[in-house]
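Trainee: what shape does this take:
(one chain, ligands or ions: 1)
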Amino acid sequence: MATKAMRPAIEGGSPVRDEFLPFARPAITEPDITRVVETLRSGWLTVGPRTKEFEKIVAEYIGVEKAAALHSCTAGLHLSLAVLGVGRGDEVVMPALNFAAGPNMAIHLGATPVLVDIDPETLNVTPEILEAAITPRTKVLLPLHFAGRPCDMRTIMDLARSRGLRVVGDGAHAIGSDYGGAKVGSLADATSFSFYVTKGITTGEGGIVTSPDRDVIGRVRRLSLHGMSSGAWKRYSDKGPWYYEILEAGYKYNMNDMQAALGLTQMERVEVFRADRERIAAAYTRELANVEGVVVPAACLTECVHAWHLYPIQLDTDALTIDRNHFVLALLEEGIGVSVHFIPIHYHPFFRDHLGHAPGAFPVTERYFERAVSLPIYPMMTDGDVADVVTAVSKLLSHYKR
Ligand SMILES: Cc1ncc(COP(=O)(O)O)c(C=O)c1O
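Mentor: A predicted model of the protein is given here:
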């Protein structure tokens, strides 16, 4: 007979953890707090010297000349698509396994998000998948570096150039990812990163656009502040420092100096954070790869660096007596915070009605979604936390084995 410890907590057994392990938690330490408090004391809270410094540090890290710091990755996707000329009637190709930001921003610009399926191993789009979706109306390819695993950007850029298209990278998960020696954010016409609280580094909320083209960044920056003129002309103007001109219809999407102050201390540890995530991913893979009932995420090729924003396992639901939803509820009862990334875009009522895709349209995405569970992975996790996750997952897999 199963002992209380072996019985799932959801069925009255003892949970693996008494204290709940959150799915995500930012790595905030004293230097972060000190820098933000210093900023508050300085009296300069809005966009200013710290934002400029943050842009410089991120640009250097990615390997580009310029970057534009914004209040979110969503804002960055919006402005990137706008700057690259996306408008009414255009098509923007992106994966169905996605967050709402990319499709929503395309729609706000009057364009159509063209959804595509993913590669079952990398969970990313491939150049071949993107190419098959190109039509005369395609304007931009919008690959997502899912979970922090980089797409093959050199080949995607070659494809785009050969077809006269532009590329926007969704780098929300991918600060620090690298494919073949090129960091995510260094090759695409524009790449938008997220500094939301669960991401590789955080500014609370925030984002940044990087581009190898300084003109793209100049336009993103201008659009982020109402389309206001700035920079060199002021020095030669006979008008006072109060003077500005609106050069196009912009938005109000800028980052502020309190966010940037946090970003600066976070950037000092960006590689440490990535290494922490990599270490946790390696431990999960070591402990779970041979456990029946689960498929671990495929390791990166030797030439690629994974940011491990997420560690998405897939349940072999044919070998289990429960489905993914029940597994998630059972893990929560064991005291382990988990999540699912993502509900396929075409499953949401709005996109279903707007785009008209029926279930079955993207079989790899849909099969992945039915089986997907994202395990906690973040620098603040201890070895004991990681061991508890492994114990809880193994316990449930063994109990619910068919
Ligand atoms: C793939 C993807 N793109 C874009 C975003 C939007 O990021 P933000 O919240 O910074 O706008 C997210 C947020 O989680 C995401 O997961």
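Trainee: V114 - that's part of a strand, no?
Mentor: Yes: counting by DSSP: H, G, I helix; E, B strand; the rest coil, V114 is located in a strand.
Trainee: ok, it touching T138?
Mentor: Yes: using CB atoms under 8 Å, V114 is in contact with T138, at 7.2 Å. Just so you know, the C-beta spots here come from the backbone N, C-alpha and C atoms, and that holds for glycine as well.
Trainee: got any residues that touch both of these two?
Mentor: 91-93 (CB atoms under 8 Å, 6 or more residues apart in numbering).
Trainee: make JSON lines from these and add secondary structure to it.
Mentor: Below are the shared contacts of V114 and T138 laid out as JSON lines (three-state DSSP):
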{"residue": "E91", "secondary structure": "strand"}
{"residue": "V92", "secondary structure": "strand"}
{"residue": "V93", "secondary structure": "strand"}
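Trainee: tell me the one of the residues you listed nearest the ligand?
Mentor: V92 (13.5 Å; CB to the nearest ligand atom).
Trainee: how about the nearest residue to that closest one, chain neighbours excluded?
Mentor: Spatial nearest neighbour of V92, chain neighbours left out: A106 (4.3 Å); criterion: CB to CB, 6 or more residues apart in numbering.
Trainee: excluding residues flanking it in the chain, which one is nearest H354?
Mentor: Leaving aside its sequence neighbours, H354 sits nearest to I107 (CB to CB, 6+ apart; 7.1 Å).
Trainee: and the one helix or strand the one you found maps to, what does it pack onto?
Mentor: If you go by DSSP states H and E, I107 is part of helix 101-108. Other elements packing on helix 101-108 under the criterion 3 or more CB pairs under 8 Å, 6 or more residues apart in numbering; DSSP states H and E are helix 73-83, strand 91-95, strand 112-116.
Trainee: which neighbouring elements make contact with the second one?
Mentor: Read that as strand 91-95. Partner elements for strand 91-95 (3+ CB pairs under 8 Å, 6+ apart): helix 101-108, strand 112-116, strand 138-141.
Trainee: and the residue of the stretch 201-350 of the chain closest to the ligand?
Mentor: G207 (4.7 Å).
Trainee: how about the closest residue to that residue other than its chain neighbours, what does it touch?
Mentor: Distances taken as CB to CB, 6+ apart place C73 nearest to G207, at 3.8 Å, with adjacent residues excluded. With contacts defined as CB under 8 Å, 6+ apart, C73 is in contact with 101, 170-172, 192-196, 207.
Trainee: let's see that with 10 Å instead.
Mentor: Counting by CB atoms under 10 Å, 6 or more residues apart in numbering, C73 makes contact with 99, 101-102, 170-173, 191-196, 199, 205-209.
Trainee: what about those, which are in helices?
Mentor: 101-102 (DSSP state H).
Trainee: which ones among the contacts of C73 map onto strands?
Mentor: If you go by DSSP state E, those have 170, 191-194, 207-209 in strands.
Trainee: of these, which is the nearest to D215?
Mentor: V209 (12.6 Å; CB to CB).
Trainee: tell me the bridge partners for that closest one.
Mentor: Listed by DSSP bridges, the beta-bridge partners for V209 are A68, S192.
Trainee: and the stretch 51-200 of the chain, which residues reach the ligand?
Mentor: By CB under 6 Å from any ligand atom, the part of the stretch 51-200 of the chain that sits against the ligand consists of 72-74, 99, 101, 144, 170, 172-173, 194, 196.
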